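Asks: here's my sequence, what's the structure:
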Amino acid sequence: MDQTSEKKGSPFMTGMVAGMVLGGVLAYIYSSPDGKKKAKKFIEEASDVLKDLTNKAQDLGFTPENIGAKALEIKDQLAEQVRLAHEDTKENPTTSFAQNLRQRFFKKGGKRLN
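Replies: Residues are numbered from 1 along each chain as shown. Next up, the predicted model:
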């Protein structure tokens, strides 16, 4: 066994610690009078930011009714760009850096590894 392998933490424990920290912060904020004022101010500012974002999205033409159609349109445009880039690499084949490294360095007995 390799002694240098790292063990990954449990997702449960990560969530548990994050929840404890978040819960502690929220309990502190809502238990002190100063924290209550700051929380109320934060909520008001967040509401203003959300309204601004909503207005900007509507100015750009994004509404709840057509957001799915816009997302599909953007996805199709990106797919077309990827397809064109793929065709371009077929017409103008170039070897990548990784392929050059594989050809030059990864050999066994003078023969390329598969």
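
Asks: ok, residue 57 to residue 77 distance?
Replies: 19 Å (CB to CB, to the nearest Å). Backbone N, C-alpha and C define where each C-beta goes, glycine included.

Asks: next: residue 27.
Replies: Noted for residue 27: a distance of 47 Å to residue 77, by CB to CB.

Asks: also residue 86?
Replies: 15 Å.

Asks: look at residue 57 and residue 77 and report which has more neighbours.
Replies: residue 57 (13 against 10; other CB atoms under 10 Å).

Asks: and the more buried one, what does it touch?
Replies: residue 63 (CB atoms under 8 Å, 6 or more residues apart in numbering).

Asks: apply 10 Å and report the result again.
Replies: Residue 57 is in contact with 63-64, 67, counting by CB atoms under 10 Å, 6 or more residues apart in numbering.

Asks: go ahead and report the secondary structure state at it.
Replies: helix (DSSP: H, G, I helix; E, B strand; the rest coil).

Asks: my guess is residue 36 meets residue 30, correct?
Replies: Yes: counting by CB atoms under 10 Å, residue 36 does reach residue 30; the two are 6.3 Å apart.

Asks: re earlier: pipe the contacts of residue 57 into TSV and attach distance to residue 51 and pLDDT per row.
Replies: Formatted as TSV, those follow (distance: CB to CB, whole Å; pLDDT from 0 to 100):
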residue	distance to residue 51	pLDDT
63	15	78
64	15	76
67	17	81
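
Asks: let's see which of these end up in helices.
Replies: Secondary structure from DSSP state H places residue 67 of these in helices.

Asks: flag the shaky bits of this structure, pLDDT-wise.
Replies: Applying pLDDT under 70 to the chain flags the ranges 1-9, 88-110, 112-114.

Asks: apply 80 and report the result again.
Replies: 1-10, 62-65, 85-114 (pLDDT under 80).

Asks: list just the nearest of the contacts of residue 57 to residue 44.
Replies: Nearest to residue 44 among the contacts of residue 57 is residue 64, at 23.7 Å by CB to CB.

Asks: now do the contacts for the closest one.
Replies: Per CB under 10 Å, 6+ apart, neighbours of residue 64: 54, 57-58.

Asks: and this protein, what are its domains?
Replies: Domains of the chain are assigned by automatic domain parsing as 14-60, 61-114.

Asks: many thanks, we can stop here.
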